[in-house]
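S.K.: Fold the following, please.
(one chain, ligands or ions: 2)
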Amino acid sequence: MRYLVTGGCGFIGSHLAERLISLGHHVCILDDLSSGHAANAPCEAELVIGDVTEEAKVRAATDDVDGCFHLAAAASVARCNSEAIATNRVNLVGTLTVLAAAARRNVPVVYASSAAVYGANAAVPLGETSELRPLSVYAADKLACELHAGVTSHLHGIPTVGLRFFNVYGPRQDPASPYSGVISIFADRLAKRQELTIFGDGGQVRDFVFVGDVVDALVASMAHRRSGAFVCNVCTGEATTILGLANILADIVGAPARLAYGPPRAGDVRVSVGDPRRLAKVYGRAPATGLRAGLTALLHEDAETSPAPARAQRMTASLTAGRT
Ligand code: NAD
Ligand code: UD2
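M.R.: Ligands and ions are numbered 1, 2, ... in the order given. Next up is the predicted model:
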């Protein structure tokens, strides 16, 4: 099969592109390299450098595909809050552009939504029918993407699947960006024996899901596509506080974590733990990588000297061995 992967030079998208190629598919990546890196893309993939809001480019990239994976986004809560109009254009108009192109080709779309849509709802575990109370511009845009995916499905008859990723970690999450995930930032700073900054009291709770499990869900959602519009959590159901995370990482590294505290982030979610049952029921498997196992593998691989892409592929392969 031939698939478009928007955002395929990014953290999650590059792992997806790798997996699709390993399964024998042809992959076309559309990415503007605004946060991703061309080096992350598997060499077998076709790479189109461009903006997902450019209609002509997106149409051309979907011309001969059997399905679209849409991951391209401005994926930082803080940046979306401070640059709402620019990031809305990427996150919402970009999604509309992909949906319109897919409808024109009558092909399905699997897209990245986020646990952020639950926002202030602390009634954990959060299931797909839980109340949605977004707290950030990013979350509101992700929710709007879900609404438009539903309407596109209704008007044009193409299947759409929105995967509400909780907090994803794994190789190739770039700690150089201040907007990167907390695990990549903490792991990088621990390795450099630098202090970790806790935004708030460290009691905020997250559900950390390994990137290999997220790729499993993406591939399964396209392979077992259903008619209509569908949303599904991608989570483990395991609750971890940010302070607890710092201590687990320090324990694995074998060095004490030096902590500094700063004010909580605007729009930050206090409690985010998901219910993985729908994913398990519909696609036959829920994320299986426990946090300590995933962190140990990640930190072990990061200590190696081999180039990042090779390391990342080897680690993801070992943790997801035997998956389709
Ligand atoms: P990432 O920043 O590593 O990847 C995003 C990719 O999209 C990058 O390669 C970037 O260059 C590209 N991109 C951004 N704007 C673009 C544009 N206008 N046109 C074309 N390409 C563009 O982020 P990620 O963590 O891999 O996230 C991938 C998707 O998953 C995003 O939609 C994000 O919102 C979502 N998500 C991520 C997490 C997580 O914990 N990482 C959790 C929930 C949802
Ligand atoms: C949100 C979404 C997640 C995803 C992501 C964007 C929720 C619950 N999750 O992630 O699904 O969409 O946005 O890709 O909304 N922190 C520190 N110190 C640091 C870095 C982070 O204390 O150095 C805290 C941060 O304030 C937050 C937590 O760690 O409370 C997680 O932060 P993050 O940036 O890794 O991800 P988060 O939860 O904003």
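S.K.: what mean pLDDT does the helix or strand that contains A140 have?
M.R.: Using DSSP states H and E, A140 maps to helix 137-156. Helix 137-156 shows a mean pLDDT of 98 in the predicted model.
S.K.: Check which element follows it along the chain.
M.R.: strand 160-165.
S.K.: Which neighbours in the sheet does that next one have, and how are they oriented?
M.R.: Its sheet considered, strand 160-165 pairs with strand 109-114 (parallel), strand 229-234 (parallel) by DSSP bridges.
S.K.: which of the ones you listed sits most buried?
M.R.: Comparing the strands paired with strand 160-165 by mean neighbour count (mean count of other Cβ atoms under 10 Å), strand 109-114 comes out on top with a mean of 27. C-beta coordinates here come from the backbone N, C-alpha and C atoms, glycine included.
S.K.: How about that strand and ligand 1, touching?
M.R.: Yes. Remark: strand 109-114 sits within contact range of ligand 1 at A112, S114, by Cβ under 6 Å from any ligand atom.
S.K.: what's in contact with that strand?
M.R.: 7, 12, 67-71, 73, 95, 98-99, 102, 138-139, 142-143, 145-146, 149, 152, 158-165, 218, 221-222, 225, 231 (Cβ atoms under 8 Å, 6 or more residues apart in numbering).
S.K.: can you narrow the residues you listed to ones near ligand 1?
M.R.: Among the contacts of strand 109-114, ligand 1 is touched by G7, I12, L71, A73, F165 when using Cβ under 6 Å from any ligand atom.
S.K.: which among these are in contact with ligand 2?
M.R.: F165.
S.K.: How about the backbone phi and psi for the closest residue to T289 other than its chain neighbours?
M.R.: Leaving aside its sequence neighbours, T289 sits nearest to F210 (Cβ to Cβ, 6 or more residues apart in numbering; 3.8 Å). Dihedral angles of F210 (phi, psi; degrees, to the nearest 10) stand at phi -70, psi 140.
S.K.: right, and F210 touches R292 too?
M.R.: No. If you go by Cβ atoms under 8 Å, F210 and R292 don't touch, sitting 11.1 Å apart.
S.K.: And these two? Which one has more around it.
M.R.: Taking neighbours as other Cβ atoms under 10 Å, F210 and R292 compare with F210 leading, 26 against 14.
S.K.: which residues does the more buried one form a beta bridge with?
M.R.: Under the criterion used (DSSP bridges), F210 bridges to Y169.
S.K.: What residues does it make contact with?
M.R.: V168, Y169, G170, P287, T289, G294, L319.
S.K.: Relative to ligand 2, which of those is nearest.
M.R.: V168 (7.2 Å; Cβ to the nearest ligand atom).
S.K.: Now Q194. Nearest residue, chain neighbours left out?
M.R.: R258 (7.8 Å).
S.K.: Repeat that for R270.
M.R.: Q204 (5.5 Å).
S.K.: Also K57?
M.R.: Closest to K57 by Cβ to Cβ, 6+ apart is G50, at 4.0 Å.
S.K.: Look at R323 and report its pLDDT.
M.R.: pLDDT, R323: 45.
S.K.: Also E304?
M.R.: Looking at E304, its pLDDT is 48.
S.K.: how close does the closest residue to P159 other than its chain neighbours get to D141?
M.R.: Leaving aside its chain neighbours, P159 sits nearest to P108 (4.1 Å; criterion: Cβ to Cβ, 6+ apart). Using Cβ to Cβ, to the nearest Å, P108 is found at 22 Å from D141.
S.K.: These two - which one has more neighbours?
M.R.: Between P108 and D141, counted using other Cβ under 10 Å, the more crowded position is D141 (26 against 20).
S.K.: And the helix or strand hosting M222, what's buried?
M.R.: Under the criterion of DSSP H and E, M222 resides in helix 211-223. Within helix 211-223, the residues scored as buried using 16 or more other Cβ atoms under 10 Å are V211, G212, D213, V214, V215, D216, A217, L218, V219, A220, S221, M222.
S.K.: Point out where this protein drops to low pLDDT.
M.R.: 302-324 (pLDDT under 70).
S.K.: change it to 50
M.R.: Within the chain, the stretches with pLDDT under 50 are 304-308, 323-324.
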